[in-house]
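# okay, sequence plus prediction incoming.
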Amino acid sequence: KNEVEQSPQNLTAQEGEFITINCSYSVGISALHWLQQHPGGGIVSLFMLSSGKKKHGRLIATINIQEKHSSLHITASHPRDSAVYICAVSIIQGAQKLVFGQGTRLTINP
Amino acid sequence: SAVISQKPSRDICQRGTSLTIQCQVDSQVTMMFWYRQQPGQSLTLIATANQGSEATYESGFVIDKFPISRPNLTFSTLTVSNMSPEDSSIYLCSVEKPGQGTEAFFGQGTRLTVV
C-alpha cells in the first residue's frame, strides 16, 4: 500500500463545476503539499499545509491531521485548471523527504 | 520563495549516450533534490545533493548511472548515463526553503525520451 493515496485518479468535469480531489496518508508528517503539474512536466507548488485550511483564489485546501486526510477544492472550474494535481507529504526519515501520491489527472471541458 | 531554471526542457537521445541536466536556483540552498517520474507513475527521489559532499542516493539508484555534481549552493547537475529506453522519464530538480514550514519548489522538468 502506498504511503500517500489520491482519489480519484482521473476526473473529467464541465466548466464551472466544483472539484474535489482527496489525499490520504498513512505516515506521520510535518506538512502536506498540493502541487500542480502541467503537460510539459513542470511542477508548481499550490499549497503547503500543516493544519486547518488555506485559500488562494479559486483554490481551497484543507487538512485533518487526526484523520490523515486532505482535500483540494476548485470552485468555478475552468479549462485552464486542467492539469495533474499531486499530493505530497513531508516526512522525517533522518533528513526530511517528500513522498508523493500518484496524482489526479483533471480535465475541465468548456 | 525560490525560482529554479532547469535545462534542457526536453531531449530525445540515442541509447548508450549520456545526458546532463542542469538546475540553477536564484538563491542559495543547502540541499537540492533530483526526482524521476516514469510514465504514469508518481515522482521518485533519486538522490539528495549537498554542496561540498557526495550525493546521497535512494535505494535502487547508483552513482555510476546517475552522477550528480553540486559545485556551489545555487547549482547542480544530474547526468543520466548509458541511457536505455527504460530511462525515458521526466526528471525534476527541487529545493526546499524554510519559511512557515518548509516549502518545496520545483524546476520545469526535463522530458527525456531514449530511442
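Perfect, thanks for sending it.
# C-alpha from now on. contacts and neighbour counts both.
Noted.
# can you pull the poorly scored residue ranges out of the chain?
No chain was given, so I picked chain A. In the predicted model, chain A carries pLDDT under 70 at residues A:1, A:92-96.
# sorry, should have said chain B
Looking along chain B with the criterion set at pLDDT under 70, you get B:98-102.
# ranges for the strands of it?
If DSSP state E is used as the criterion, the strands of chain B fall at B:4-7, B:10-13, B:19-25, B:31-37, B:44-50, B:56-57, B:68-72, B:75-80, B:89-99, B:101-106, B:110-114.
# one more: chain A?
For chain A, the strands identified by DSSP E occupy A:4-7, A:10-14, A:19-25, A:31-37, A:43-49, A:52-56, A:59-64, A:69-74, A:83-93, A:95-100, A:104-109, in order along the chain.
# is the second one anywhere near chain B?
It stands for strand A:10-14. No - with CA under 8 Å from any CA of the partner chain as the threshold, strand A:10-14 lies outside contact range of chain B, at a closest distance of 11.7 Å.
# okay if I get the strands of chain A as a markdown table plus mean neighbour count?
Putting the strands of chain A into a markdown table (neighbours: other CA atoms under 10 Å in any protein chain shown) gives the following:
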| stretch | mean neighbour count |
| --- | --- |
| strand A:4-7 | 20 |
| strand A:10-14 | 14 |
| strand A:19-25 | 21 |
| strand A:31-37 | 22 |
| strand A:43-49 | 20 |
| strand A:52-56 | 13 |
| strand A:59-64 | 19 |
| strand A:69-74 | 20 |
| strand A:83-93 | 21 |
| strand A:95-100 | 18 |
| strand A:104-109 | 19 |
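# which residues touch residue A:14?
Contacts for residue A:14 were tallied using CA atoms under 8 Å, 6 or more residues apart in numbering or on different chains; they are A:77, A:108, A:109, A:110.
# would you reformat the strands of chain A as CSV and include distance to residue B:69?
Rendered in CSV, the data for the strands of chain A read as follows (distance: least, CA to CA, whole Å):
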stretch, distance to residue B:69
strand A:4-7, 30
strand A:10-14, 37
strand A:19-25, 33
strand A:31-37, 26
strand A:43-49, 22
strand A:52-56, 37
strand A:59-64, 36
strand A:69-74, 36
strand A:83-93, 23
strand A:95-100, 20
strand A:104-109, 33
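# name the nearest residue to whichever residue of chain B sits closest to chain A, sequence neighbours excluded.
In chain B, no residue comes nearer to chain A than residue B:108, which is 3.6 Å away by CA to the nearest CA. Once its chain neighbours are removed from consideration, residue B:108 has its nearest residue in residue A:42; the separation is 3.6 Å (CA to CA, 6 or more residues apart in numbering or on different chains).
# residue in chain A with the shortest distance to chain B?
Proximity to chain B, evaluated over chain A using CA to the nearest CA, is greatest for residue A:42 at 3.6 Å.
# residues in a beta bridge with the closest residue to residue B:77 other than its chain neighbours, which ones?
Closest residue in space to residue B:77, ignoring its immediate chain neighbours: residue B:22 at 4.5 Å, by CA to CA, 6+ apart. With DSSP bridges applied, residue B:22 shows beta-bridge pairing to residue B:7, residue B:77.
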